[in-house]
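**Student:** no FASTA, just this:
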């Protein structure tokens, strides 16, 4: 079975400092991995997607994630946090048959001025 | 694209009542998904359709839950005899299945409160 574990339920950074949101996955096959963001009262938005084409994936709003098979990790990073980045972030794996997404518990990112 | 539309945005009901939610996917998207999200948790898969066929249902979907997509376009999710534990955000997503890529687009959800 596929699953993801987000290692931090809450991360707090200061504006302008780097962001690191950690995710480990479990999959019996080569997975498709995603990061989604959810702002309050808004729908889930796809940040980026890994599908084995390249291990370093660039997404929207300056976010990127690196797929590390040896560590079964897919951590999300951003060099410099903005206040507008404050939101809930979900690491997600796709089921074998495609389409169906399995979400992690989420990491709430707070950005201090 | 006008995006995935869900109605209503909020629903408050008394325990034991039936409720129905509607989801209008992005046009020409052949897959439609329902998820449930409770406070502090990630969304949990409930069921999905490819066109009008319901291809998979989660164990979370008890007999009180039923979903339909009669013409392969919009979908409804009905909960009968609601319980307080049904209180959650119900999310709909749609996608267009192709060989190389599939991207899910989510609606803003229907927030259900069962009193």
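**Tutor:** Nice, I can see it. What you see is a predicted model, and the numbers here were worked out from it, not measured in a lab.

**Student:** which secondary structure state is assigned to residue A:61?
**Tutor:** For residue A:61, the assignment made with DSSP: H, G, I helix; E, B strand; the rest coil gives helix.

**Student:** what's the local residue count around the residue in chain A that chain B sits nearest to?
**Tutor:** Taking C-beta to the nearest C-beta, chain B has its nearest neighbour within chain A at residue A:103, 3.3 Å off. Every residue, glycine included, has its C-beta placed from N, CA and C. Neighbour count for residue A:103, taken as other C-beta atoms under 10 Å in any protein chain shown: 22.

**Student:** work out which residue lies at the spatial centre of the chain.
**Tutor:** I went with chain A, as the question did not name one. Nearest residue to the geometric centre of chain A (C-alpha atoms, centre = their mean): residue A:35, 3.4 Å.

**Student:** try again with chain B
**Tutor:** Most central in chain B (C-alpha atoms, centre = their mean) works out to residue B:34, at 3.1 Å.

**Student:** the residue lying closest to that residue once chain neighbours are set aside: which element?
**Tutor:** In this structure, residue B:34 finds its nearest non-sequential neighbour in residue B:46, 4.3 Å apart by C-beta to C-beta, 6 or more residues apart in numbering or on different chains. Secondary structure assignment for residue B:46, by DSSP states H and E: strand B:44-50.

**Student:** run through who's touching that strand.
**Tutor:** Contact with strand B:44-50 is made by A:99-103, B:30-37, B:54-58, B:60-61, B:65, B:67, B:69, B:72, B:75, B:77, B:97, as judged by C-beta atoms under 8 Å, 6 or more residues apart in numbering or on different chains.

**Student:** who in chain A is up against chain B?
**Tutor:** A:36, A:41-46, A:49, A:51, A:90, A:97-106 (C-beta under 8 Å from any C-beta of the partner chain).

**Student:** so which of the residues you listed belong to helices?
**Tutor:** Among those, DSSP state H puts none in helices.

**Student:** filter those down to the buried ones.
**Tutor:** For the residues of chain A next to chain B, a burial check counting by 16 or more other C-beta atoms under 10 Å in any protein chain shown picks out A:36, A:43-44, A:46, A:49, A:51, A:90, A:99-106.

**Student:** residue ranges in chain B under the pLDDT threshold?
**Tutor:** Applying pLDDT under 70 to chain B flags residues B:1, B:98-101.

**Student:** report the closest residue of it relative to chain A.
**Tutor:** residue B:42 (3.3 Å).

**Student:** and for that residue, the neighbour number?
**Tutor:** Around residue B:42 there are 22 residues (other C-beta under 10 Å).

**Student:** ditto for residue B:52
**Tutor:** Neighbourhood size, residue B:52 [other C-beta under 10 Å]: 14.

**Student:** okay, strands next: where are they in chain B?
**Tutor:** Counting by DSSP state E, one finds strands in chain B at the ranges B:5-7, B:10-13, B:19-24, B:31-37, B:44-50, B:53-57, B:65-68, B:75-79, B:88-95, B:105-106, B:110-114.

**Student:** with residue A:68 as the reference, name the closest of these.
**Tutor:** For residue A:68, the closest of the strands of chain B is strand B:44-50, at 26.0 Å, according to C-beta to C-beta.

**Student:** tell me what angle that closest one forms with strand B:31-37.
**Tutor:** Interaxial angle, strand B:44-50 versus strand B:31-37 (axes from the mean of the first three to the mean of the last three C-alpha atoms, to 10 degrees): 170 degrees.
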